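A.B. asks: Structure for the following, please:
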Amino acid sequence: MLTSTLGPAPGQPPQQARPGAPETAGPRRMQLLFRAAALLLALVIALVDTFTDFDGAVAVLYVVVVLLAARTFRRLDIIVAGTGGIVLTIAAYLNSHGLNHVGSPTARALVSLAAIAITALLALQFQSATRRLASQARLLNLSHDMIFVRDDQGVITFWNRTAEDAYGWPASMALGRVADDLLQTRYPDRREAIEAELLTTGSWDGTLEQKTQAGATLVLESRWVLQRDHHGRVTGVMETHRDVTDRKAAYTALVSSERRYRRMFDASRIGVIQEDWRAVRAELTALGLMDGAALTAHLARHPEFIGQVRRLTDVDDMNPAFLAMVGRPAAPSAPYSVDDILCEDDRMFARSLTAFAQGDAFHEGETEVVHADGSRVPVLFTITFPPADDVDGSVLVFVVDITERRQAQDALLLAQTELAHAARVATLGELTASIAHEVNQPLMAVVTSGDAGMRWLRRPQPDLHEVEMAMERIISEGRRASEIVKRIRAFLSKAPVQQAPLDIGAVIEEATRLVAHELTRERVALHVDIQPGLPLIMGDRIQLQQVLVNLMVNASQAMSGQSQARQLSVSARRHDDGLVAVTVGDTGPGISPDDLERLFDPFFTTKPQGMGMGLPICRTTAQAHGGSLTVDNMPGAGAAFTLTLATTQGNPST
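C.D. replies: Residues are numbered from 1 along each chain as shown. Below you'll find the model as predicted:
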């Protein structure tokens, strides 16, 4: 039976003795006790056999002495006990019967000698077998696996040291217990099916769960081996268990992580591409180009290299969002590379490759990918690179379609251009009467000068000098009307900005003429104060006129309807920091403190019919000219807008 093969030796269970452990005081005392008992019994048997006439095989009792000596588990003690028993038996026989007497005592003596010798030999063999089995048991104790032996009823008969440490039950508590009850075993299948496989094949392998003494659950890889005797009867089952709890937990976590990644990959609204850059790394390493500067220099000499690398970059997977972005129903089954995704004139892959070569963790940019119908899709992308020691080499690219955003940007730019143009037209629409008045003045002067010239010519004696002066006035007024028309056309057109040195006084004068009719209609008194000797400014005449006209019209409208005096003042002074400051002030109600901070915000207006674009455009124009536009309430009443403009390095205007 398997329990007798691997079971404990008499008096000392092998699983209780750790290999190499020193003998304790208890076993030594037991050895001394057995030796003393064997010696005492041998003396008693010798005395009885020698000095009594007891008719019997008293010497056979030396067998007990040998058995007592065997309990010390020392080979020398068995040999000494057996040899001593034989010597004492022969001595007692010679002392009692001598050499000449042959009879039944001789037969009894021979039987006693044979019994002693056989017992000693058997004890020595048993001790050798016990030592061998104890050594095997110690080897089982050295195993890193939990090993225990149970009989056909499931009762534990052997329990190794690793099982003690792993399960928490010492051998003294585990031996004699039913394994399934002690460990609360949970099988992957019905126990009957497992037992049937064990009886059929002689072994079983699988994964099961068992509980420790502390209540923790262990996941174990288990192997059962069936042992039979020479008659084929089942003698026991040895179970070997390996703790794979951590490995199982790690595998479960890995599976869960993979599922979570796949779910995120598939469900993301952002396009995701998984690429394999191992071949790219190998190619760059072989050429010595795993350095940003070296790669940049190589690409400058060999621009065709970027196409080779694009074809080396395999695409492993594409999520549904990216497939929808490029108009594909499913990922292609044939080998696919980055070269099939990017446009031919793409420049961002080279920058991404340089970032990869110099060890960056990621790279961002904007590019275009090829749609299934051949069109281009503008995208923003972020590409994440693995570290150099990552053998997987997977690269993730996150892609966002910006087609709508780009269209919105284009529409916004167009709308801004149209809005600025509309603001100009709207402003000039309000100033049409004033412009007509300005154009009418030179025309009337032309007509008057023409009439005067004709009168001088019709005189009996024509005065040619007066005619010449009339003609010069006609030419001057005609040029003046032409300049006014040109300014109006440039103001209405979307002509590019033309910077030129300007006399700020002349700009202010022209702007005031444009709004003269508006001011007259609103009964606004205009006061212009320009400091002499102001330096020239650099700017666009039409844009600066637009700013001043807008500020003066706003001031006129702010004073509309009020009963007190309506005065508009325009002054130009040299600023402390060398700039020229033009101030447009009025005597209106001023600006609410809550509106001061928002006054230049786009689409914010305090006028019922206003668009909220005039002042933002004016501030942008001032900043484009290297200046600024600010506003503040004046003491008493009214508001003052201050326009500062950068000057040139030339001489002041005359």
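A.B. asks: Okay, the nearest residue to V524 once chain neighbours are set aside and D401: tell me how far apart.
C.D. replies: Spatial nearest neighbour of V524, excluding adjacent residues (Cβ to Cβ, 6 or more residues apart in numbering): R566 at 4.6 Å. Bear in mind the C-beta positions are built from the backbone N, C-alpha and C, glycine included. Using Cβ to Cβ, to the nearest Å, we find R566 at a distance of 57 Å from D401.
A.B. asks: Return the distance of stretch 543-554 from the chain's centre.
C.D. replies: Offset of stretch 543-554 from its chain centre (Cα atoms, centre = their mean, to the nearest Å): 54 Å.
A.B. asks: Could you say which helix or strand holds S257?
C.D. replies: Taking DSSP states H and E as the criterion, S257 maps to helix 245-267.
A.B. asks: residues in contact with that helix?
C.D. replies: Residues from elsewhere that reach helix 245-267 (Cβ atoms under 8 Å, 6 or more residues apart in numbering): 207, 217-220, 272, 274, 317, 319-320.
A.B. asks: List only buried entries from those residues.
C.D. replies: 218-220, 272, 317, 319-320 (16 or more other Cβ atoms under 10 Å).
A.B. asks: helix/strand/coil for E509?
C.D. replies: Taking DSSP: H, G, I helix; E, B strand; the rest coil as the rule, one finds E509 in the helix state.
A.B. asks: Endpoint to endpoint, stretch 357-366 covers what distance?
C.D. replies: From its first residue to its last, stretch 357-366 covers 20 Å (Cα to Cα, to the nearest Å).
A.B. asks: any residues touching that stretch, and which ones?
C.D. replies: The contact list for stretch 357-366, computed with Cβ under 8 Å, 6+ apart, reads 284, 289-292, 294-295, 348, 351-352, 355-356, 378-385, 388, 402.
A.B. asks: partners of the helix or strand containing W224, with directions?
C.D. replies: According to DSSP H and E, W224 maps onto strand 217-228. Strand 217-228 sits in its sheet next to strand 203-211 (antiparallel), strand 234-243 (antiparallel), going by DSSP bridges.
A.B. asks: Return the alpha-carbon coordinates of the shortest one using PDB.
C.D. replies: Output in PDB follows, covering the C-alpha atoms of strand 203-211 (Å, rounded to 0.1, in the frame of the first residue of the first chain):
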ATOM      1  CA  SER A 203      -3.100  10.400 -13.600                       C
ATOM      2  CA  TRP A 204      -5.000  13.700 -13.900                       C
ATOM      3  CA  ASP A 205      -3.900  17.200 -14.500                       C
ATOM      4  CA  GLY A 206      -6.000  20.400 -14.000                       C
ATOM      5  CA  THR A 207      -6.500  23.600 -12.200                       C
ATOM      6  CA  LEU A 208      -8.500  23.700  -8.900                       C
ATOM      7  CA  GLU A 209      -9.100  25.900  -5.900                       C
ATOM      8  CA  GLN A 210      -8.300  25.200  -2.300                       C
ATOM      9  CA  LYS A 211      -8.500  27.200   0.900                       C
END
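A.B. asks: Next up, the contacts around the residue nearest in space to the middle of the chain.
C.D. replies: Closest residue to the average C-alpha location of the chain: T384 at 9.1 Å, with Cα atoms, centre = their mean. T384 makes contacts with 361-362, 395-398, as judged by Cβ under 8 Å, 6+ apart.
A.B. asks: May I have the beta-bridge partners of it?
C.D. replies: Beta-bridge partners recorded for T384 (DSSP bridges): F362, L396.
A.B. asks: What's the separation between it and L396?
C.D. replies: Noted for T384: a distance of 5 Å to L396, by Cβ to Cβ.
A.B. asks: and what of Q153?
C.D. replies: Separation of Q153 from L396 (Cβ to Cβ): 58 Å.
A.B. asks: More neighbours: these two, which one.
C.D. replies: Using other Cβ atoms under 10 Å, the more surrounded residue of Q153 and L396 is L396, with 16 against 7.
A.B. asks: where does the more buried one sit relative to T382, distance-wise?
C.D. replies: L396 sits 9 Å away from T382, taking Cβ to Cβ as the criterion.
A.B. asks: before we move on, what about I86?
C.D. replies: According to Cβ to Cβ, I86 stands 95 Å off from T382.
A.B. asks: Which of those two has more residues huddled nearby?
C.D. replies: Each of I86 and T382 has its neighbours counted (other Cβ under 10 Å); I86 has more, 18 against 14.
A.B. asks: list the contacts for the more buried one?
C.D. replies: Counting by Cβ under 8 Å, 6+ apart, I86 touches 62, 113, 116-117.
A.B. asks: Quick one, which of these are buried?
C.D. replies: Of those, these count as buried by 16+ other Cβ under 10 Å: 62, 113, 116-117.
A.B. asks: Most widely separated two among those?
C.D. replies: The two members of the buried ones among the contacts of I86 with the most space between them (Cβ to Cβ) are Y62 and A117, at 10.1 Å.
A.B. asks: now the helices for the stretch 101-250 of the chain?
C.D. replies: In the stretch 101-250 of the chain, the segments counted as helices under DSSP state H, counting those that start in this stretch are 104-142, 161-167, 171-174, 179-183, 191-201, 245-267.
A.B. asks: elements contacting the helix or strand following the last one?
C.D. replies: The C-terminal neighbour of helix 245-267 among helices and strands, as given by DSSP H and E, is strand 271-276. Using 3 or more Cβ pairs under 8 Å, 6 or more residues apart in numbering; DSSP states H and E as the contact definition, the elements that strand 271-276 packs against are strand 314-318, helix 320-325, strand 394-401.
A.B. asks: how about the ones you listed in a markdown table, adding distance to L643 and mean pLDDT?
C.D. replies: What follows is the helices and strands packed on strand 271-276, written out as a markdown table (distance: least, Cβ to Cβ, whole Å; pLDDT from 0 to 100):
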| stretch | distance to L643 | mean pLDDT |
| --- | --- | --- |
| strand 314-318 | 56 | 88 |
| helix 320-325 | 49 | 89 |
| strand 394-401 | 42 | 90 |
